[in-house]
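Asks: The following comprises the amino acid sequence and a computationally predicted model.
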Amino acid sequence: MELFLQILNTVLPFLYAALVWVFAELFFRTGSAERPNKVKRWFPLVFATLTLHALYIGTYTVHVGHCLLATIWELSSLIAFTLLSIYAFVELRVTREASGTGFLVTLVAFIFQSASSLFVSTTSTLEGALILKDPIFNVHVTTAVFGYAALTLASIYGALYLLLFRAITRNQFGAVYQHLPSLERLERYGIRSTAIGFVFLTISIALGWVLMQHYPISPSVGGFILDPKILATLLVWAVFGITLVVRKIARVEGRKLVLFWMSGFALTVISMTIVNALGTTFHNFN
C-alpha cells in the first residue's frame, strides 16, 4: 500500500500540470466559438484525474487512519481535489457550453497538489488524537473544505466578471474580452458555486454542533460560539447565504450582486487571517 500511495502521490501533480497546460491552450489560443467543443474533448482527463485523486484519498485514509486534514500538506491535497471537483460540477457540462476558464482553477489546484506531494508524509504523527478517527469529524472538516473551495471558485468567477465588465465599459475589446465567457455565464457560474459552498458549509456547521456534544472541548456553548474559527465560519456562511437570498428575493443581479459576493470572499480572507493570528482552542487536535 505504501508503494501504491507513493506512485499516486507522484502521478497526481503531473496530471494537474497536464490539465493546466490543456486549459491554458484552450483559453489563450482557441477561439470562443470552437472552445466549448474542444473543452469537452478533455472531459476524460478531468474525470480521470478526479478518479485517481479520490483513490489516493481513500487509500491514504485507510493507510494512515484519518482523512487528509491533520497537516497543512494533507489539507493541500484535499483542497486541490475539491477545487477541481466543484469546477467540474459547476461548469463542465456535456449538454452545455464550457468556457475553458478551468485554466485558473487547475493552476491553483496544481500548486496545492504539488506542495502536498513534495512534503506530505504517510506516517501518522497524531495517533493520540481520537477525534481524527471519528467519521463525523472527517465529514465535518471535508464538507468545510468543499464549502470554502466552492466559495473560492465563486470569487474567481467574480473577479473575471469584474475584469470583463471593466473592459466592456471602457470599450477595450482586446484579449480579455475575447477569451472570457459572457457576463451572464460568469454570474451564473458564480451563483452556482456560491450555492454549493453555502450547502457544504451548512452541513459542516451542523456536524460541528454534533461534535461539540461528543467532544466537549469548549467549556460551554458560549465558548463554542466565541471560538474564532466558529465565528469566522458563521460570518462567511451568513454573507453567502444573504447573497443567495438577495438574488432570489430582492432580484439583485449583475455587478451589484458580484460585488456583494466578492466582499464575502474578502471577508473570508480577512477573518481567516485574524483567526490564525489569534489562535483557537476548540480546533486543536492535541
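Replies: Received, thanks. Numbers count the residues shown, from 1 in each chain.
Asks: helix, strand or coil for the residue positioned nearest the centre of the chain?
Replies: Closest to where the C-alpha atoms of the chain average out (Cα atoms, centre = their mean) is Ala149, at 1.4 Å. For Ala149, the assignment made with DSSP: H, G, I helix; E, B strand; the rest coil gives helix.
Asks: Any figure for the gap between it and Ala17?
Replies: Ala149 sits 20 Å away from Ala17, going by Cβ to Cβ, to the nearest Å. Where C-beta positions appear, they are placed from N, C-alpha and C, glycine not excepted.
Asks: ditto for Phe146
Replies: Applying Cβ to Cβ to Phe146 and Ala17 gives a distance of 23 Å.
Asks: Comparing these two, which residue is more hemmed in?
Replies: Neighbours per residue (other Cβ atoms under 10 Å) separate Phe146 from Ala17, with Phe146 holding more: 24 against 15.
Asks: how would you label the more buried one: helix, strand or coil?
Replies: Each residue gets one of three states, and Phe146 gets helix by three-state DSSP.
Asks: Which pLDDT value goes with it?
Replies: pLDDT recorded at Phe146 is 88.
Asks: right, and it touches Phe200 too?
Replies: Yes. Phe146 lies in contact with Phe200 (Cβ atoms under 8 Å); the separation is 4.3 Å.
Asks: In terms of pLDDT, where does the nearest residue to the residue nearest to the centre of the chain once chain neighbours are set aside sit?
Replies: Once flanking residues are discounted, Ala149 sits nearest to Thr82: 3.8 Å by Cβ to Cβ, 6 or more residues apart in numbering. Thr82 carries a pLDDT value of 90.
Asks: Thr82 contacts Val145, doesn't it?
Replies: Yes. When contacts are counted by Cβ under 8 Å, Thr82 is listed as touching Val145 (5.4 Å).
Asks: Settle it for me: which of those two has more neighbours?
Replies: Using other Cβ under 10 Å as the criterion, Thr82 and Val145 rank with Thr82 on top: 25 against 20.
Asks: dump the residue contacts of the more buried one.
Replies: For Thr82, the contact set (Cβ atoms under 8 Å, 6 or more residues apart in numbering) comprises 145-146, 149-150.
Asks: which one of those residues sits closest to Leu78?
Replies: Nearest to Leu78 among the contacts of Thr82: Val145, at 5.3 Å, using Cβ to Cβ.
Asks: tell me the pLDDT at the closest residue to Leu12 other than its chain neighbours?
Replies: Distances taken as Cβ to Cβ, 6+ apart place Gln113 nearest to Leu12, at 5.4 Å, with adjacent residues excluded. pLDDT, Gln113: 93.
Asks: Count the neighbours of Gln113 for me.
Replies: Neighbours of Gln113 (other Cβ under 10 Å): 30.
Asks: now Ala144
Replies: Ala144 is flanked by 21 other residues according to other Cβ under 10 Å.
Asks: And Leu153, by the same measure?
Replies: Counted with other Cβ under 10 Å, the neighbours of Leu153 add up to 29.
Asks: Surely Phe110 and Trp21 touch.
Replies: No. Counting by Cβ under 8 Å, Phe110 stays clear of Trp21, with 9.7 Å between them.
Asks: ok, these two, which is more surrounded?
Replies: Phe110 (23 against 13).
Asks: so Leu50 touches Leu84, yeah?
Replies: Yes. With contacts counted by Cβ under 8 Å, Leu50 reaches Leu84, the gap being 6.0 Å.
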